[in-house]
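Novice: This is a predicted model, with the sequence first.
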Amino acid sequence: MEQNIQPPSTQKVSPLEQTVSVGEWLITLLLASIPVVNIVMLLIWAFSENTKLSKANWAKATLIWLIIVVAFYFFVAVLIVGSLGFISRFGR
């Protein structure tokens, strides 16, 4: 059996597997810093079929961290509101 293996320098790279340029990252980070736009763009980048793989993985990881942070803040808010209710009922 003959294998068609090409040297790394001549292998064709899919556009989705190409490296994200510094300029593209600068624009990405700029858009990701704008409230509301960032969530929309993260969803687009994470689940679009024509986003570069590294940017899609970054967007998915960022969304996971966003969910973790929001859940943590919700948990802390529930603790604070619950403790305020406890203090007002049984306090002083």
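Specialist: Done, it's in. Numbering: from 1, shown residues only.

Novice: which residues sit against stretch 60-73?
Specialist: Applying C-beta atoms under 8 Å, 6 or more residues apart in numbering, the contact partners of stretch 60-73 are 32, 39, 42, 43, 46. Quick note: C-beta positions are derived from backbone N, CA and C, even for glycine.

Novice: Over to stretch 37-57?
Specialist: 15-20, 24, 28, 31-32, 58-60, 62-63, 66.

Novice: what's the distance between that stretch and the middle of its chain?
Specialist: 8 Å (C-alpha atoms, centre = their mean, to the nearest Å).

Novice: and which of the contacts of stretch 37-57 is nearest residue 80?
Specialist: Distance to residue 80 across the contacts of stretch 37-57 (C-beta to C-beta) is lowest for residue 66, with 21.1 Å.

Novice: Report how many residues lie close to the closest one.
Specialist: 13 (other C-beta atoms under 10 Å).

Novice: what about it, which helix or strand?
Specialist: Taking DSSP states H and E as the definition, residue 66 sits inside helix 53-90.

Novice: on that earlier part again, please type out the ChimeraX selection for whichever of the contacts of stretch 37-57 turn out to be buried.
Specialist: Buried members of the contacts of stretch 37-57, defined by 16 or more other C-beta atoms under 10 Å, are picked up in ChimeraX with:
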select :28,32,58,59,62,63
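
Novice: got a list of what residue 24 touches?
Specialist: residue 55.

Novice: ok, 10 Å please
Specialist: Neighbouring residues of residue 24 by C-beta atoms under 10 Å, 6 or more residues apart in numbering: 52, 55.

Novice: what about residue 52, neighbour count?
Specialist: 19.

Novice: Quick check: phi and psi on it?
Specialist: Torsion angles at residue 52 (phi, psi; degrees, to the nearest 10) stand at phi -60, psi 140.

Novice: which residues does residue 27 contact?
Specialist: residue 21.

Novice: name the element it belongs to?
Specialist: Short version, using DSSP H and E: residue 27 is in helix 22-32.
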